[in-house]
Structure formats: structure tokens, C-alpha cells
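Undergrad: this one's structure only:
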């Protein structure tokens, strides 16, 4: 069964230059009640269909002054691909423990045989061609740390690569010791790649402040993932800075 058959999307209102007035809302109907997830809206094409899948939903709820993660994780089958539908409004701090828990759980020994072709995927709204898309994060390894960005760059990066460390914070992005706006990331990272005058292969490493929104996290992750097509390696380890 196609994944899209399980999701009902609200209509999109087109604006000039291909932008949209509203984000796509993935709507799940369960127990006769409607719940909504605001998926990240990202201007990157991705995989548009996943067969043989199970779904995990991270619903965003507010109770008084607190933000609460409500999970719907029924009928998870380890022999299927797992699709993580996460509301863009969460911070990494709010979802990190649950995300890591279920990512690991998928490949633990259990009743169902886990095949090599099975993976974990994030879902997002693709604004390029107005479709639901998916980003594979099966090989991503998360390191939650209290170390500073500078210390991590000096001690954790592989010197055999031409290393490009990227720090993503709520206030902006640090690239090559320079602060840039989020919207300038794509052009800036391409410029940084062109600076490589060594024989080393380029490796990009991502460092995220834990207060960065999941929407911004996935946007940067999707943009860097596309660079694999031009021979750039993306470090499988992502650092979440407390």
C-alpha cells in the first residue's frame, strides 16, 4: 500500500514564485478524532514513495506552559521501513530521547526478521513539486554532548578528510568560523566546498544546538544530503549540543 494513501493533506494555496501560504498538514484520523502534524516544509526533492512501512507519529501538544510529545506508535513491525512523522515545532531537546529510542529499537532482535533493505525515514513536505517526501536517516548516529563546538571540532573530526564543520543554532549558522543566515546556507556551503585545494575527500559534519527546531534540523539535513551526489561525504555522526 502506498504511504500517501494513509495521509490526507490539506489543499495548498499557491503564491508567487512557487511558494505556499500554508504548510502541509499531515492529518491522522484515529478513534474518530482528528489530530494534525505540521510537517517541515523543505525546498528539496526527496524519495516520494515507501513501500512496506510502519509509521510513528510525534504529535505536538501544549498543556498550560509545557509542550508535550504525544506518540502514536501502534503496529510497528521491525521487518518494515519505519517512517517518522514529526511536528516541525518541536525542538531537538524535546524529541531526541524518543527519536533515539525508536531508531535503536527498530534493529533490536525481535519477533520479525530485520532485512538489510529496511530503514528509518523522516517525512516532510516538499515545496518544489508539492509532494510528500522522505529522507533516509538509517545510518545516522546521534551524540548528545556537553562539550563545546570548538572542542568537538578539534577532537572528533577525521583528519584524513577536508573537514567542513557546520554549527546550527537558533540564531543562525556558523560555517568556516563565520556566521551566516539560514537562507544563505546552500550558497555558502557550495562556496566552502569549492575552497578545497587538497587531494582529500570533503566531509561535512553537522553540530546542532539542542534548542534548534526540528523543522530547521531537517531542512539543513536535507540540503546537505543532496551533496552526496557530487561526491561529498556527510559524517554519519551528528552532534547535539546541550
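TA: Looks like it came in fine. Because the structure is a prediction, the values reported are computed rather than measured.
Undergrad: ok, residue 215 to residue 132 distance?
TA: In this view, residue 215 and residue 132 are 15 Å apart by CB to CB, to the nearest Å. In short, each C-beta sits where N, CA and C put it, glycine included.
Undergrad: okay, now the domains of this protein?
TA: The record's domain parsing of the chain by automatic domain parsing lists 3-136, 141-241.
Undergrad: what strands flank the longest strand along the chain, and is each parallel or antiparallel?
TA: With secondary structure taken from DSSP state E, the chain has its longest strand at strand 53-63. Looking at strand 53-63 with DSSP bridges, its partner strands are strand 66-72 (antiparallel), strand 81-86 (parallel).
Undergrad: list the buried residues for the helix or strand immediately after the last one in the chain?
TA: What it means is strand 81-86. Downstream of strand 81-86, the next assigned helix or strand under DSSP states H and E is helix 92-105. Buried positions in helix 92-105, judged by neighbour count with 16 or more other CB atoms under 10 Å: 92, 94, 95, 96, 98, 99, 102, 103.
Undergrad: who are the packing partners of helix 92-105?
TA: Applying 3 or more CB pairs under 8 Å, 6 or more residues apart in numbering; DSSP states H and E, one finds that helix 92-105 contacts strand 53-63, strand 66-72, strand 81-86, strand 141-145, helix 214-225.
Undergrad: ok and it relative to strand 53-63, angle-wise?
TA: Orientation of helix 92-105 against strand 53-63 (axes from the mean of the first three to the mean of the last three CA atoms, to 10 degrees) gives an angle of 150 degrees.
Undergrad: what mean pLDDT does helix 92-105 get?
TA: Averaging pLDDT along helix 92-105 gives 93.
Undergrad: can you give the distance of that helix from its chain's centre?
TA: In terms of CA atoms, centre = their mean, to the nearest Å, the gap separating the centre of helix 92-105 from the centre of its chain is 12 Å.
Undergrad: partners of the next helix or strand after it, with directions?
TA: Remark: after helix 92-105, the chain's next helix or strand is strand 120-126, criterion DSSP H and E. In the sheet, strand 120-126 lines up against strand 41-42 (parallel), strand 81-86 (parallel), strand 131-136 (antiparallel) (DSSP bridges).
Undergrad: which one of these lies closest to residue 190?
TA: Residue 190 sits nearest to strand 41-42 of all these, at 17.4 Å, using CB to CB.
Undergrad: out of the strands paired with strand 53-63, deepest packed?
TA: Among these, strand 81-86 has the highest mean neighbour count (mean count of other CB atoms under 10 Å), at a mean of 23.
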